[in-house]
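[1] The following block contains a protein sequence and its predicted model.
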Amino acid sequence: MNYTEKLHELTEEKFSHIPLVNVQTFGCVQNENDSEKIRGILAQSGFGISDSFENSDVVIFNTCAIRENAELKIFGNIGKLKALKAENPDMIVAVCGCMVMQPHIVAKIKKSYPFVDIVFGVNSIEELPYIVYNWYASNKRQISDPVVKTDIVEDIPVYRQSRSKATISIMYGCDNFCSYCIVPYVRGRERSRKPENILREFRQLVSEGYKDITLLGQNVDSYGKNLDPQIDFADLLSMLCKVEGDYVLHFMSSHPKDITRKVIDTIRDNPKVSRQIHLPVQSGSNRILSLMNRRYTVEQYKDIISYAKEQIPDVGFSSDIIVGFPGETYEEYLETEKLVKEMNFTQLFTFIYSKRNGTKAASLEDNVSHREKSEWLNRLIKIQQDIFFKYLESFEGKTVRALVEETKPQGYSARMANTLVVHFKTDKKDLMDSFVNLKITGKKGTVLTAELLQ
Ligand code: 5AD
Ligand code: SF4
């Protein structure tokens with residue numbers, strides 16, 4: 001008997017109700033995707049899925065390590081469970097994900113968070129039935145020290161809450177070692193899933209009616225390195241687009257040093273691929289980009305964007321920026337500001353540099369004051385806000401297609417392939433999870449308003 005079955009049997013004996021698990025996700029879409037696997041594997045072991053930690057028998061925090069403030073927030077949330085755990089010692093509190101791939105964090109949990117029962121790493125999801133079984137069987141803390149694994153486990157069951165939107169991991173890990181980033185240390189070396197496994201999962205999703213499917217990887221443009229027979233990301237996109245169905249295919253994230261003209265041409269030739277590309281630039285200064293180990297220049301970044309705009313007139317780019325990298329001068333920040341004004345990004349995610357132990361940048365002298373970093377961040381946010389409002393206004397009067405995501409009083413909220421949200425009123429029922437054609441009538445805050453077209 002395997003541990004999925006053993007855990008199922010044990011929980012049937014132990015509980016008079018169906019035990020509930022609540023998984024709380026912090027961080028990126030990759031973590032959301034991992035949480036769906038965690039839910040899937042525990043659902044298969046007899047657990048019900050709950051949206052809240054109250055009344056749950058197992059609470060799992062799937063954590064993020066990308067910036068210090070993410071970690072502080074997570075510890076705050078874990079701390080809140082202390083009282084609940086004291087009232088209900090049978091409740092399991094588990095912490096997993098990127099944050100606990102760092103030895104100093106595991107040591108902190110061991111010492112200062114005695115009510116945390118289970119700690120497991122990012123690549124140990126398939127071992128969860130075994131770990132939970134052991135906790136019930138022994139009532140002993142199951143805290144594993146971080147081990148970065150290199151294998152790929154296929155066929156983990158996935159519990160998807162949405163009926164229309166889904167993500168598929170096409171690769172794991174990262175080999176880029178951008179000097180500020182903890183990801184390569186916590187998620188390990190880059191490895192790609194075999195195309196046939198991705199295709200099988202993709203076909204299944206399309207046949208189940210999923211309409212918005214995102215391919216995930218830390219650097220999707222380097223997909224396929226070391227796979228035999230040879231395949232690259234553009235080939236994968238072309239292969240997937242041959243699957244018939246009504247869907248939009250997204251991907252994230254791309255890396256400016258690796259995105260090729262072949263990828264752009266493939267997007268141009270396949271209308272099913274979203275015309276919205278996330279291409280993190282990080283900085284507008286070549287000196288800072290080099291210190292960040294990004295391995296492209298601002299000029300190369302602009303070149304690939306110009307090529308894409310030439311080939312795909314309706315393409316839009318979103319990006320990430322870090323301000324306050326160690327040693328960044330005001331003049332260098334101004335170069336970033338200039339780039340942001342020039343690029344007209346459809347969306348911009350802006351971050352203050354956060355020192356991550358163990359990364360190259362952590363040893364650089366950081367002489368930029370926090371006050372200055374915050375000021376730069378706020379300036380960028382303001383600049384982008386103005387660009388965003390103009391972008392929203394550019395849709396007025398246009399006809400767009402969007403996927404209905406949420407019901408609203410007297411109508412619905414839908415999302416366009418470029419991620420813009422559109423609200424519309426109608427008394428039609430049953431539009432959830434389907435594509436609709438809308439005529440944009442205006443905007444309200446950061447969302448568009450529209451009329452439903454027949
Ligand atoms: N500090 C601030 N932002 C960071 N990012 C990654 N590491 C750090 C860090 N140490 C940002 C980058 C990346 C995004 C996912 O998070 O902009 O593209
Ligand atoms: Fe981090 Fe750079 Fe890898 Fe992205 S590409 S995960 S920023 S190391």
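    Perfect, I can see it now. Numbers count the residues shown, from 1 in each chain. Ligands and ions are numbered 1, 2, ... in the order given.
[2] Quick check: the gap between residue 74 and ligand 1.
    Distance, residue 74 to ligand 1, using Cβ to the nearest ligand atom, to the nearest Å: 16 Å. To be clear about C-beta, it is placed using only N, CA and C from the backbone, and glycine gets the same treatment.
[3] for the stretch 251-400 of the chain, what spans make up the helices?
    Under the criterion DSSP state H, counting those that start in this stretch, the stretch 251-400 of the chain contains helices at 261-269, 286-291, 298-311, 330-343, 370-393.
[4] residues from the chain in reach of ligand 1?
    Selection of the chain residues close to ligand 1 by Cβ under 6 Å from any ligand atom yields 66-67, 180-181, 280, 282, 320, 322, 351, 353-354, 356.
[5] Name the nearest residue to residue 320, ignoring sequence neighbours.
    Once flanking residues are discounted, residue 320 sits nearest to residue 280: 3.7 Å by Cβ to Cβ, 6 or more residues apart in numbering.
[6] contacting residues around the one you found?
    By Cβ atoms under 8 Å, 6 or more residues apart in numbering, the residues touching residue 280 are 253-256, 319-320.
[7] if we take these, which one ends up nearest to residue 210?
    residue 253 (20.8 Å; Cβ to Cβ).
[8] just checking: which of the residues of the chain next to ligand 1 also lie near ligand 2?
    residue 181.
[9] Tell me which two in the residues of the chain next to ligand 1 are the farthest apart.
    Between all members of the residues of the chain next to ligand 1, the farthest pair (by Cβ to Cβ) comes out as 280 and 356, at 16.5 Å.
[10] Touching, residue 131 and residue 121? I think so.
    No: Residue 131 lies out of contact with residue 121 (Cβ atoms under 8 Å); the separation is 10.7 Å.
[11] Quick check: can you list the domain ranges of the chain?
    Each domain of the chain is listed here as a residue range: 3-143, 162-274, 276-394, 399-452, per automatic domain parsing.
[12] Just give me how far the shortest one sits from the chain centre.
    In other words, domain 399-452. How far domain 399-452 lies from its chain's middle: 24 Å, per Cα atoms, centre = their mean, to the nearest Å.
[13] Same question for the second one.
    Averaged C-alpha coordinates place domain 162-274 at 13 Å from its chain's average position (Cα atoms, centre = their mean).
[14] repeat for the third one
    Relative to the chain's own centre, domain 276-394 is displaced by 19 Å; criterion: Cα atoms, centre = their mean.
[15] same deal with the first one?
    Using Cα atoms, centre = their mean, we find the averaged C-alpha position of domain 3-143 to lie 19 Å away from the chain's own average C-alpha position.
[16] Now do it: distance from first to last residue.
    One end of domain 3-143 to the other measures 18 Å (Cα to Cα, to the nearest Å).
[17] What of the shortest one?
    With Cα to Cα as the measure, the first residue of domain 399-452 is 10 Å from its last.
[18] What's the mean pLDDT across it?
    For domain 399-452, the per-residue pLDDT values average out at 95.
[19] Residues of this structure that sit close to ligand 2?
    Contact residues, the chain versus ligand 2 (Cβ under 6 Å from any ligand atom): 174, 176-178, 181, 183-184, 218-219, 255.
[20] which of the residues you listed are buried?
    Buried by 16 or more other Cβ atoms under 10 Å: 174, 176, 178, 181, 183-184, 218-219, 255, out of these.
[21] Whichever residue of the stretch 301-450 of the chain sits closest to ligand 2: neighbouring residues, count only.
    Taking Cβ to the nearest ligand atom, ligand 2 has its nearest neighbour within the stretch 301-450 of the chain at residue 320, 8.1 Å off. For residue 320, the count of nearby residues is 16 (other Cβ atoms under 10 Å).
[22] can you list the domains of the chain in JSON lines and add distance to residue 156?
    Below are the domains of the chain laid out as JSON lines (distance: least, Cβ to Cβ, whole Å):
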{"stretch": "domain 3-143", "distance to residue 156": "5"}
{"stretch": "domain 162-274", "distance to residue 156": "10"}
{"stretch": "domain 276-394", "distance to residue 156": "26"}
{"stretch": "domain 399-452", "distance to residue 156": "24"}
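[23] Can you say which of the ones you listed is nearest to residue 153?
    With Cβ to Cβ as the yardstick, what comes closest out of the domains of the chain is domain 3-143 (4.9 Å).
[24] can you pull the contacts of the residue in the stretch 201-350 of the chain that ligand 1 sits nearest to?
    Closest residue of the stretch 201-350 of the chain to ligand 1, Cβ to the nearest ligand atom: residue 320 (3.4 Å). The neighbourhood of residue 320, defined by Cβ under 8 Å, 6+ apart, consists of 278, 280-282, 348-351.
[25] Narrow those residues to just the buried residues.
    Buried subset of the contacts of residue 320 (neighbour count, 16+ other Cβ under 10 Å): 278, 280-282, 348, 350-351.
[26] wait, which of the residues you listed is closest to residue 75?
    Distances from residue 75 to these, taken by Cβ to Cβ, are shortest for residue 351, at 19.4 Å.
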